[in-house]
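Chemist: with the input below, show me the fold.
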Amino acid sequence: MAYEIKNSNILRNSRLPYFFIIAIFISLFLLVYFLNINESQLSNFRFTQYLFNYQSGFNKRGFVGEVLFQFGFVINYENVQIFANYCMAVLSIVFFAVIYYPFKDDIRSFGACIFVFLAFFGSFSMQHFWSDIGRFDHLQLIIAISLLLLLSFSVNIFSKIIVVASVVIIILIHEGGLFMYAPLVLSFWLYKSEEPKEKLFIVLLFSCLVFLGYIISTEAIYYDMSFYEHVLSLESKYGGRVSELAVSILHNGSIRDNFLLTVRNGFSSERLYESIKVALFVSPLMLVFFRIIRADVKNKNVRLKHVFILSAFSPLLIYPIGYDHFRWWSISLTNLFVATSFVAANDEKFKILLIYYFNKSKITLASLIACSVAFGGMGVTNAFQRF
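Modeler: Take a look at the predicted model:
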């Protein structure tokens, strides 16, 4: 592998013309946009979560609704759809900037180009978020990427305070953020930190956040009305788009009930079939990433960056108590592209390995891009939109 690193100029011999790259990107973007335009509508479930706030006391998932309420935002379906569209646009721009920046000087090589295209158009990344528009995951990912950028530029007392406060906000937005995005941010901080005491502080901080997430999940329950009274109250104010399933989340804090619900809905023969489709779809990509990390370890380039990369899969820890199984996979793989992009921006040897292995598997991975466009975004409780 040392040979491949030393001869990294080989990776740049195959130069794609800029106009060709831009033309393909625009064509794919327009194709994906028109295929998804009718499916990127706010569901009643996601709309209902914007109706929650802290006006009747501290409740889980009430942070976004409370902020909008304090700013005088008029909550109705049309306005929330517009807000969700803006959030999706911001996320798309931020995500693209993060995955493109480390490879801006190498984008004409097949490996770098395939990485950027697959990260952006893959069923498991932006296409998933486009098809699941309005979910709080979008806001949380924007915050998480912003924190990674902040830590990339500076790790000082000011940035540390912002990171701690923002990670708490991520969990207040949705308690699942404890495993969806908090590990990604904290492990990057761990990777950038050079002080043993600071590393210990980060570990202790995560322990405190686990406790906070548990309290929010189990104790921040809506007590002002019964479940049915609550549903009727919301329907009288916001109409028939109120989702009973979304409201029920505010009235249930039992981890045991969530586990039993997941067992009942998440481990059926139909779900197994969907899981097999996803496993077959992502296995070529996972194999490429495995080879990159293995080669990096063999080069004795072992650092906390591997903890950072592996933290991308922390959303899978929600599997036993949340039956949105393909949502957890989508977030994990999106996190993986974010993490490897940040490592590539900080580690030239790792970037060369990444370009090399993506170039080596370019036919397979290009086919994965084509399949992603055809299949659509990875779903929440189903494998794909159109397959």
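Chemist: what is the neighbour count of Glu78?
Modeler: Glu78 has 9 neighbouring residues, counting by other Cβ atoms under 10 Å. In this view, the C-beta of every residue, glycine as well, is placed from N, C-alpha and C.
Chemist: contacts for the helix or strand harbouring it?
Modeler: Using DSSP states H and E, Glu78 falls within helix 77-100. With contact meaning Cβ atoms under 8 Å, 6 or more residues apart in numbering, helix 77-100 is reached by 40-42, 46-47, 50, 68, 73, 107, 115-116, 119-120, 125-126, 129-130, 133-134, 138-139, 141-142, 145-146, 148-149, 238-239, 241, 334, 337-338, 341-342.
Chemist: helix/strand/coil for the residue positioned nearest the centre of the chain?
Modeler: Nearest to the geometric centre of the chain sits Ile331, at 3.5 Å (Cα atoms, centre = their mean). Three-state call for Ile331 (DSSP: H, G, I helix; E, B strand; the rest coil): helix.
Chemist: that one: what's it in contact with?
Modeler: By Cβ under 8 Å, 6+ apart, Ile331 lies in contact with 137, 141, 180, 315.
Chemist: now with 10 Å, please.
Modeler: 124-125, 128-129, 137, 140-141, 176, 179-181, 184, 312-316, 318, 324, 378 (Cβ atoms under 10 Å, 6 or more residues apart in numbering).
Chemist: so which elements touch the helix or strand that contains Leu353?
Modeler: Under the criterion of DSSP H and E, Leu353 resides in helix 348-360. The contact analysis (3 or more Cβ pairs under 10 Å, 6 or more residues apart in numbering; DSSP states H and E) places helix 348-360 against helix 2-6, helix 110-121, helix 269-298, helix 305-310, helix 325-346, helix 362-375.
Chemist: got those helices as TSV, with mean pLDDT and distance to Ser193 columns?
Modeler: As requested, the helices and strands packed on helix 348-360 are arranged in TSV below (pLDDT from 0 to 100; distance: least, Cβ to Cβ, whole Å):
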stretch	mean pLDDT	distance to Ser193
helix 2-6	46	26
helix 110-121	94	26
helix 269-298	92	20
helix 305-310	93	11
helix 325-346	96	13
helix 362-375	94	33
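Chemist: out of the ones you listed, nearest to Phe259?
Modeler: Closest approach to Phe259 among those (Cβ to Cβ): helix 325-346, 13.7 Å.
Chemist: related to what we said a few turns ago, pLDDT averaged over the helix holding Glu78 - what is it?
Modeler: Averaged over helix 77-100, pLDDT sits at 95.
Chemist: list the buried residues of it.
Modeler: The neighbour-count check on helix 77-100 (16 or more other Cβ atoms under 10 Å) flags 80-81, 83-84, 87-88, 91-92, 94-96, 98-100 as buried.
Chemist: go on, stretch 364-374?
Modeler: Here stretch 364-374 shows 365, 368-369, 372-373 as buried, counting by 16+ other Cβ under 10 Å.
Chemist: same thing with stretch 258-278?
Modeler: Result for stretch 258-278 [16+ other Cβ under 10 Å]: buried residues 258, 262, 266, 271, 274-275, 277-278.
Chemist: nearest to Val168, of those residues?
Modeler: Distance to Val168, by Cβ to Cβ, is smallest for Asn258 among the buried residues of stretch 258-278, at 22.3 Å.
Chemist: distance of the closest residue to Ser314 other than its chain neighbours from Ala112?
Modeler: Spatial nearest neighbour of Ser314, chain neighbours left out: Pro183 (4.0 Å); criterion: Cβ to Cβ, 6 or more residues apart in numbering. Going from Pro183 to Ala112 by Cβ to Cβ, to the nearest Å gives 27 Å.
Chemist: ok, back up a step: emit the PyMOL select command for whichever of the contacts of helix 77-100 are buried.
Modeler: Buried residues within the contacts of helix 77-100, by 16+ other Cβ under 10 Å, are selected in PyMOL with:
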select buried, resi 40+42+46+47+50+68+115+116+119+120+125+126+129+130+133+134+138+139+141+142+145+148+238+241+334+337+338+341+342
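Chemist: no more questions from me, cheers.
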